[in-house]
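Chemist: The sequence isn't on hand, but the structure is:
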């Protein structure tokens, strides 16, 4: 074998380069869009509905009030819009009339019982207190079931046991704390109401903690206390000044001025408190990942309340429709829904019909069930 002979082995092919990993493109979330609520009603339009409702209710001795309620609710629902789509009120008058008759019978029995026996009246009051959580749930179910948007009804999922805890049992520690637990109890109640609402298959969630209700209430209590203390000091100083060297009692006008000033202070504080609590509740509520945003201003709300009151008194009540429309317009203008979708993926889940008895009874006995 000579050196020229070439027995070198063929070179092996180089290994292929490792595959470049293919990372899927990151899906960019849809931008957050603010959908504002709007109220398009007008005072002159609603006045025509209101005056007919009032006349027929009086002529029918209150029987037409159920039809009046349906007409009023349908007007305000129909003129409240989100993304240009109006809400709907679907309840019928006859179930509401039946509920009102039973509610009036219960209330009349409570009033008449006081003419015969205080014990009987207290027993009826205790019965109403025991029934209140059940009435609350039934009323919320009725209002949700017959409220609709885009052809889809709302629902309220009942939980009677939890309702009795939030609206009955918690009043025991509330009384024991001399009212100091009121903001915490109010927060627990709002949480119950919001968390049990549904829209189609979308679940409402309340994100605030009960402790967050303390700042607005503590501020309101402090201002009311300072207002009452200052008013009492000025009242005492005025009485002493006017009564100096005289044995006659102080003039009546200074007593009335003191009373009016105290109630005016309450009026101012409650307007600011109402705005703060409404903002807290709405800004802490989400439904299916969509968040509400409320921007109520205490000063603006106070001006609307005060001017509406003056206009109603001056007009002997005839400007009530304009006052209601004005308030609805402001509330809607301060509320919006933040969402990343177009609301088309919401599935339908229909609920059963709910009687209106509880809805009327709890309203008559002034049970707080509103958001």
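Modeler: All right, it came through fine. Values in this document were obtained by computation on a predicted structure and should not be read as measured data. Numbering: from 1, shown residues only.

Chemist: Just the local confidence number for the nearest residue to residue 290 once chain neighbours are set aside, please.
Modeler: Nearest residue to residue 290 in three dimensions, chain neighbours excluded: residue 339, at 4.2 Å (C-beta to C-beta, 6 or more residues apart in numbering). In short, each C-beta sits where N, CA and C put it, glycine included. pLDDT for residue 339: 91.

Chemist: Relative to residue 201, how far out is residue 339?
Modeler: 16 Å (C-beta to C-beta, to the nearest Å).

Chemist: The two - which one has more neighbours?
Modeler: Neighbour count, other C-beta atoms under 10 Å: between residue 339 and residue 201, residue 339 has more, with 20 against 13.

Chemist: wouldn't the more buried one be in contact with residue 31 here?
Modeler: No: Residue 339 is beyond contact range of residue 31, at 10.3 Å (criterion: C-beta atoms under 8 Å).

Chemist: So what does residue 41 have for phi and psi?
Modeler: Main-chain dihedrals, residue 41, degrees, to the nearest 10: phi -70, psi 160.

Chemist: Give me the neighbour count for the nearest residue to it once chain neighbours are set aside.
Modeler: Setting aside the residues directly before and after it, residue 41 is nearest to residue 79 in space (C-beta to C-beta, 6+ apart), at 3.8 Å. As a burial measure, residue 79 scores 20 neighbours (other C-beta under 10 Å).

Chemist: mind listing what residue 79 touches?
Modeler: 39-41, 86, 328 (C-beta atoms under 8 Å, 6 or more residues apart in numbering).

Chemist: go on, residue 50?
Modeler: Taking C-beta under 8 Å, 6+ apart, we find residue 50 in contact with 72, 320-321.

Chemist: Just the helices from this protein, written as ranges.
Modeler: With DSSP state H as the criterion, the chain has helices at 43-59, 65-78, 93-116, 118-145, 160-164, 171-176, 182-195, 214-242, 252-283, 298-314, 320-333, 357-364.

Chemist: Which one, of the ones you listed, ends up nearest to residue 35?
Modeler: With distances scored as C-beta to C-beta, the stretch of the helices of the chain nearest to residue 35 is helix 320-333 (12.0 Å).

Chemist: ok, and what's touching the closest one?
Modeler: Contacts for helix 320-333 (C-beta under 8 Å, 6+ apart): 36-39, 41-43, 46-47, 49-50, 76, 79-80, 296, 300-301, 304, 308, 311-312.

Chemist: With stretch 174-191 instead?
Modeler: So stretch 174-191 is in contact with 166-167, 170-171, 173, 206, 208-214, 216-218, 277, 281, 368, 371, going by C-beta under 8 Å, 6+ apart.

Chemist: Any of those residues buried? List them.
Modeler: Among those, the ones that count as buried by 16 or more other C-beta atoms under 10 Å are 166-167, 170, 206, 208, 210, 213-214, 216-217, 277, 281.

Chemist: who touches residue 210 in this structure?
Modeler: Taking C-beta under 8 Å, 6+ apart, we find residue 210 in contact with 183-188, 191.

Chemist: Can you get me a residue count around the spatially closest residue to it that is not a sequence neighbour?
Modeler: Leaving aside its chain neighbours, residue 210 sits nearest to residue 187 (3.1 Å; criterion: C-beta to C-beta, 6+ apart). Residue 187 has 23 neighbours, counted by other C-beta under 10 Å.

Chemist: Please apply the same query to the one 5 residues further on.
Modeler: The tally of other residues near residue 192 (other C-beta under 10 Å) stands at 20.

Chemist: Distance-wise, check it relative to residue 143.
Modeler: 15 Å.

Chemist: what do you get for residue 336?
Modeler: Between residue 336 and residue 143 the computed distance is 22 Å (C-beta to C-beta).

Chemist: Next: residue 300.
Modeler: Applying C-beta to C-beta to residue 300 and residue 143 gives a distance of 27 Å.

Chemist: So, low pLDDT: which residues of the stretch 201-350 of the chain?
Modeler: 244-248, 344-350 (pLDDT under 70).

Chemist: Show me which positions of stretch 88-100 end up buried.
Modeler: Buried positions in stretch 88-100, judged by neighbour count with 16+ other C-beta under 10 Å: 88-89, 91, 93, 95-97, 99-100.

Chemist: sorry, back to before: now the contacts of residue 210 as JSON lines including pLDDT?
Modeler: Below are the contacts of residue 210 laid out as JSON lines (pLDDT from 0 to 100):
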{"residue": "183", "pLDDT": "97"}
{"residue": "184", "pLDDT": "97"}
{"residue": "185", "pLDDT": "96"}
{"residue": "186", "pLDDT": "97"}
{"residue": "187", "pLDDT": "97"}
{"residue": "188", "pLDDT": "97"}
{"residue": "191", "pLDDT": "97"}
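
Chemist: Appreciated, that's everything.
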